[in-house]
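K.L.:
Turn this into a structure:
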Amino acid sequence: MENNRRVVITGMGVIAPNGIGIDNFWDSLVHGRSGVRRITYFDVSSYPTQIAGIVQDFDPTNHMDPKSAKRLSRFAQFAFAASQMAVEDSDIDFTKEDPYRMGVFIGTAIGGGDVIETQHIIFMEKGIKRIAPYTVISVSTHSASGMISCEYNLRGPNTTISSGCNTGLDASYLAYNAIRLGDADFVIVGAGEAPITPCIQAFFCASGNLSRENKEPWKALKPYDINADGMVMGEGGASIILEELQHALKRNAKIYGEFVSYSALNEAFDLFGVDSNNGTMTQNFRQVLKKGDMVYEEIDYINAHGNGILTYDISETQAIKEVFGELAYNIPVTSIKPITGHSLSAIGIFQIITSLLTMKHSIIPPTINVKNPAPECDLNYVPDQFLRKEVQTALINAHGFGGSITAIIVKKF
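P.N.:
Reported below is the predicted structural model:
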């Protein structure tokens, strides 16, 4: 088949610390209500970082039967529930579709770490005979995509990807490419993350990359701010539906936007640090524009990485300025992480959903907690109050440990 098939987004679902469901998620973003709070899952009194983006009032049995909920780890529950929401939002009738043309692409960075920890304790205290028989399924990173495929009888391309903070964007690209190249007509793209466990939280604390602002959790993550002291972990799940344009039009689907370009490179610099020379990030921005056959003036909004690690935030800002020149000062650049927390694989899908809703409502949500921008960070980060602006085209950026950089462009249809 030809590789010029157009790809659109026709459904969305979200389970986030700042809200379950698209309406709740969007309302909290627009009004700057953070989902970052003190961790209560376990005793964090000895932890230097005692806060995270925590999903509230999530009951997996609202989305699946109790037996399935028991067998799935929390990341997979999130991914499944968000995908279920996206499927419902897309209004697809699978009974009228060829199941071999329907795909599933799911991402996770940590996978079933929660189950590994709890089952390891049981193993050490009570021995191998007390380990739950479904544990091997629960800890599998592929459990979410398998569950989704079984639920809807989807027999097309199915895979799981793990590329750290870039995972959500990279999974979206794999789905986009599968459709563009003719391997599928309809793909559920999602991600799930549940890193708020005793060991995993401790691992990230030990890395030295987390904020220690425990007294007022909602103020902790301060992207682009001179007082930024690190990122804040988050959990959750998100899903979008990617669909071949003619397939979507034929069934009269609502279309949120079009996926038009993708580019990914690696700095090959350091496992934790960011390359302050910005050569790779600027190259990636230029590349994603070129691959989308777009000019700089077409970008109305940048949904940025902005993770609260100041070296990252400065590097991202400088790359934007280097690529867009004086135009950079006219492009709103925002980070949603102070509101959602940094949910690793899921954050990229959160960013895509945010960008699509920005186009739909002509409102750009604020970047909260930017009180004293670093001298190098002098762009319009839309501090604290949302901005009314028509957005036709958005660029979304992600940067992961290990130097991976991913950017995509979505456009209003």
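
K.L.:
tell me which element residue 408 falls in.
P.N.:
Using DSSP states H and E, residue 408 sits in strand 404-411.

K.L.:
Tell me the strands beside that strand, with direction?
P.N.:
strand 257-266 (antiparallel), strand 393-399 (antiparallel) (DSSP bridges).

K.L.:
I'd like the next helix or strand past the longest one.
P.N.:
The element immediately downstream of strand 257-266 (helix or strand, assigned by DSSP H and E) is helix 279-291.

K.L.:
Check the offset of the helix or strand that that next one is followed by from the chain's centre.
P.N.:
The helix or strand immediately downstream of helix 279-291 is strand 301-303, counting by DSSP H and E. With Cα atoms, centre = their mean, to the nearest Å as the basis, strand 301-303 stands 14 Å off its chain's centre.

K.L.:
What residue spans form the domains of this structure?
P.N.:
8-257, 259-411 (automatic domain parsing).

K.L.:
can those go into TSV with extra columns for mean pLDDT and mean neighbour count?
P.N.:
Quick note: C-beta positions are derived from backbone N, CA and C, even for glycine. Converted to TSV, the domains of the chain look like this (pLDDT from 0 to 100; neighbours: other Cβ atoms under 10 Å):
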stretch	mean pLDDT	mean neighbour count
domain 8-257	95	21
domain 259-411	94	21
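
K.L.:
coming back round to it: now tabulate the strands paired with strand 404-411 in CSV and tack on distance to residue 149.
P.N.:
Below are the strands paired with strand 404-411 laid out as CSV (distance: least, Cβ to Cβ, whole Å):
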stretch, distance to residue 149
strand 257-266, 22
strand 393-399, 26
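
K.L.:
what's the closest of those to residue 321?
P.N.:
Across these, residue 321 has its closest neighbour in strand 393-399 (13.5 Å, Cβ to Cβ).

K.L.:
how distant is that closest one from the center of its chain?
P.N.:
Distance, centroid of strand 393-399 to centroid of chain: 11 Å (Cα atoms, centre = their mean).

K.L.:
Keeping just the C-alphas, turn that strand into CSV.
P.N.:
Output of strand 393-399 as CSV, limited to C-alpha atoms (Å, rounded to 0.1, in the frame of the first residue of the first chain):
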residue,chain,number,x,y,z
THR,A,393,-0.9,23.3,15.0
ALA,A,394,0.9,22.1,18.1
LEU,A,395,4.4,20.7,18.6
ILE,A,396,4.9,18.3,21.5
ASN,A,397,8.3,17.5,23.0
ALA,A,398,9.6,14.8,25.3
HIS,A,399,13.1,14.1,26.7
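
K.L.:
Quick one: work out the angle between that strand and helix 279-291.
P.N.:
Using axes from the mean of the first three to the mean of the last three Cα atoms, to 10 degrees, the inter-axis angle of strand 393-399 relative to helix 279-291 is 150 degrees.

K.L.:
Identify the residues contacting strand 393-399?
P.N.:
The contact list for strand 393-399 (Cβ atoms under 8 Å, 6 or more residues apart in numbering) reads 165-166, 168-169, 260, 274, 281, 285, 288, 294, 298-305, 307, 312, 316, 347-348, 351-352, 355, 358-359, 405-412.

K.L.:
helices and strands around the one helix or strand residue 187 maps to, which ones?
P.N.:
Taking DSSP H and E as the criterion, residue 187 maps to strand 186-193. Contact partners of strand 186-193 among helices and strands, from 3 or more Cβ pairs under 8 Å, 6 or more residues apart in numbering; DSSP states H and E: helix 74-90, strand 102-107, helix 143-152, helix 167-180, strand 236-244, helix 345-361.

K.L.:
immediately after it, which helix or strand?
P.N.:
helix 198-207.

K.L.:
Arrange the helices and strands packed on strand 186-193 in TSV, one row each, with distance to residue 124 as further columns.
P.N.:
Formatted as TSV, the helices and strands packed on strand 186-193 follow (distance: least, Cβ to Cβ, whole Å):
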stretch	distance to residue 124
helix 74-90	21
strand 102-107	31
helix 143-152	24
helix 167-180	31
strand 236-244	30
helix 345-361	29
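
K.L.:
rewinding a little: each with direction, which strands does the strand holding residue 187 pair with?
P.N.:
strand 102-107 (parallel), strand 236-244 (antiparallel).

K.L.:
Looking at those strands, spot the one closest to residue 213.
P.N.:
Residue 213 lies closest to strand 236-244 among the strands paired with strand 186-193, at 20.8 Å (Cβ to Cβ).
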